[in-house]
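Enquirer: from the sequence below, what's the structure:
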Amino acid sequence: MSKNVTIKSVVPAGTQGSFSLPEHGVKLYLNPAESTLYQLFLAHPEGLLADDLVLHWEELRGIYAHESRFGSHALQEDALVSLCSESKRVFYSNISRIKRKFVDAIGARKARGYYIKRYPNGLYRTLATLTTAPPHQI
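Expert: Numbering: from 1, shown residues only. Predicted structure coming up:
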């Protein structure tokens, strides 16, 4: 962890895929796949290997069931299969889109503490933490 990056708070903003960044007064929207991935990494501050996503299948399924607009379990499963595929194409593109949304919302320097980053040990993680706040503070 960089010495000049502090842990940042991310607050669910009440709607699917919506997060508030209280330090910046910004709300950010992530699509269901992005939100699912981001919430998984928020729940695992120790970081995860890209190849180990499938080991968190049930956790991903639970998050995606809440975030998805698909009523069909088969469509939800297909989306998760793509996210966890061996090629990692969908994983990498979602990681990239998440980073871009944070950078666009608050700038590159400030976004460093929020987006998911690959570290030299191969782990992907975010320095942000998921917190809750009363609705009037979001």
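
Enquirer: so where do the helices sit in the protein?
Expert: Listed from the start of the chain, the chain has helices (DSSP state H) covering 32-43, 57-67, 73-83, 89-106, 108-111.

Enquirer: can you pull the pLDDT of Lys8?
Expert: With respect to pLDDT, Lys8 scores 68.

Enquirer: for Ser87, same thing?
Expert: 86.

Enquirer: again with the one 4 residues further on
Expert: Phe91 is assigned a predicted lDDT (pLDDT) of 95.

Enquirer: tell me how far it lies from Glu34.
Expert: Counting by CB to CB, to the nearest Å, the gap from Phe91 to Glu34 is 11 Å. Quick note: C-beta positions are derived from backbone N, CA and C, even for glycine.

Enquirer: rewinding a little: what's the most buried one of the helices of the chain?
Expert: helix 32-43 (a mean of 22; mean count of other CB atoms under 10 Å).

Enquirer: give me the residues contacting it.
Expert: 10, 16-17, 19, 30, 47-48, 53, 56, 59-60, 63-64, 67-69, 79, 83, 90-91, 94-95, 97-98, 101, 116, 124-126, 128-130 (CB atoms under 8 Å, 6 or more residues apart in numbering).
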